[in-house]
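Q: no sequence for this one, just the structure:
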């Protein structure tokens, strides 16, 4: 493991280039000359090729009048795992990292608090949770990763997709369900299933071979990765918001003057806003593409049966959140972590975390 990690660090470092700020901070406030090296998300998914890649491939440079030069490589191109990006940012390999809270929560359980499984019923509630919890995120990024929080973006809703009939949430009992985060594993345990951790690229063969009966991912990622070729059923009830983050190393952020900081923050605010809007739009189209129930402009539609949750399914999700997800999370989080969540996100979700 040590050799493998070292090799990845060396490989990523080879791509890192040299971070270069303008010589001295100007006497008058103006945007500084700057080079940014970023690590992005998955190259085959919308957030990267429609948003991250164009942002660093020219949009940021154009908006700054040529003063900010930037480049980005997706984690898939660098051979990295999702949980590695913030470690590399902290080490100075990258200046900016785009990642998923569920992956980096292994470094700090407090970061799970923004996207606990079952806590956000829809896009509107997810945004409220983010807004309430942002002060905690900002504090934890600074302390744990020596990084400045730039914003939270959204993937399409996280659903449970299965290769056998699922007509109600209790049908998940006894099923082996692929998860990518601890909190999703807690939800699966709460409904009586068994969680299995499988890399995104390996889920389709795992479903084909019976290693997993179901898998959790976003609606559009499921379609783009051709899950519809091996799954048959899904319940259209989000079990996760699918939240990602953007952070800049403090080493770079603290060298910027106020005008440059303000300018950069505005660019990332605009980027994340567009990603949120797109994720909501993609949910509808992805469900059409997966099931063949409506217009699909992405390719050949599938035939997945979509089941809408009943009132009893919603109650069961709420029970699992209260009795399993929150309790399991509280057990691995500190007293301060629980206190912070109860003072912020809890007011939106409507339930407190207790050990």
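A: Thanks, I have the structure now. A quick note: this is a predicted structure, and the numbers were derived from the prediction, not measured. Residues are numbered from 1 along each chain as shown.

Q: what are the ranges of the helices in the stretch 51-200 of the chain?
A: With DSSP state H, counting those that start in this stretch as the criterion, the stretch 51-200 of the chain has helices at 53-54, 60-63, 75-78, 85-91, 101-104, 123-145, 182-190.

Q: quick one, which of these gets closest to residue 339.
A: For the helices of the stretch 51-200 of the chain, proximity to residue 339 was assessed by Cβ to Cβ; helix 123-145 is nearest, at 10.0 Å. Every residue, glycine included, has its C-beta placed from N, CA and C.

Q: which helices and strands does that closest one pack with?
A: Counting contacts by 3 or more Cβ pairs under 8 Å, 6 or more residues apart in numbering; DSSP states H and E, helix 123-145 packs against helix 85-91, strand 147-154, strand 243-249, helix 258-291, helix 335-343, helix 346-349.

Q: with mean pLDDT added, can I get the ones you listed in TSV?
A: Below are these laid out as TSV (pLDDT from 0 to 100):
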stretch	mean pLDDT
helix 85-91	96
strand 147-154	98
strand 243-249	98
helix 258-291	96
helix 335-343	96
helix 346-349	96
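
Q: let's have the helices of the stretch 51-200 of the chain in JSON lines, adding distance to residue 345 and mean neighbour count.
A: Compiled in JSON lines, these are given as follows (distance: least, Cβ to Cβ, whole Å; neighbours: other Cβ atoms under 10 Å):
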{"stretch": "helix 53-54", "distance to residue 345": "32", "mean neighbour count": "16"}
{"stretch": "helix 60-63", "distance to residue 345": "31", "mean neighbour count": "16"}
{"stretch": "helix 75-78", "distance to residue 345": "27", "mean neighbour count": "18"}
{"stretch": "helix 85-91", "distance to residue 345": "21", "mean neighbour count": "22"}
{"stretch": "helix 101-104", "distance to residue 345": "13", "mean neighbour count": "24"}
{"stretch": "helix 123-145", "distance to residue 345": "5", "mean neighbour count": "18"}
{"stretch": "helix 182-190", "distance to residue 345": "13", "mean neighbour count": "24"}
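
Q: and of these, who's closest to residue 349?
A: Per Cβ to Cβ, nearest to residue 349 of the helices of the stretch 51-200 of the chain: helix 123-145, 6.7 Å.

Q: what inclination does that closest one have with respect to helix 335-343?
A: Orientation check (axes from the mean of the first three to the mean of the last three Cα atoms, to 10 degrees): helix 123-145 against helix 335-343 gives 160 degrees.

Q: helix 123-145: how far from the chain's middle?
A: In terms of Cα atoms, centre = their mean, to the nearest Å, the centre of helix 123-145 is found 13 Å from the chain centre.

Q: between the helices of the stretch 51-200 of the chain, which gets nearest to residue 286?
A: When the helices of the stretch 51-200 of the chain are compared for distance to residue 286 using Cβ to Cβ, the nearest one is helix 123-145, at 13.9 Å.
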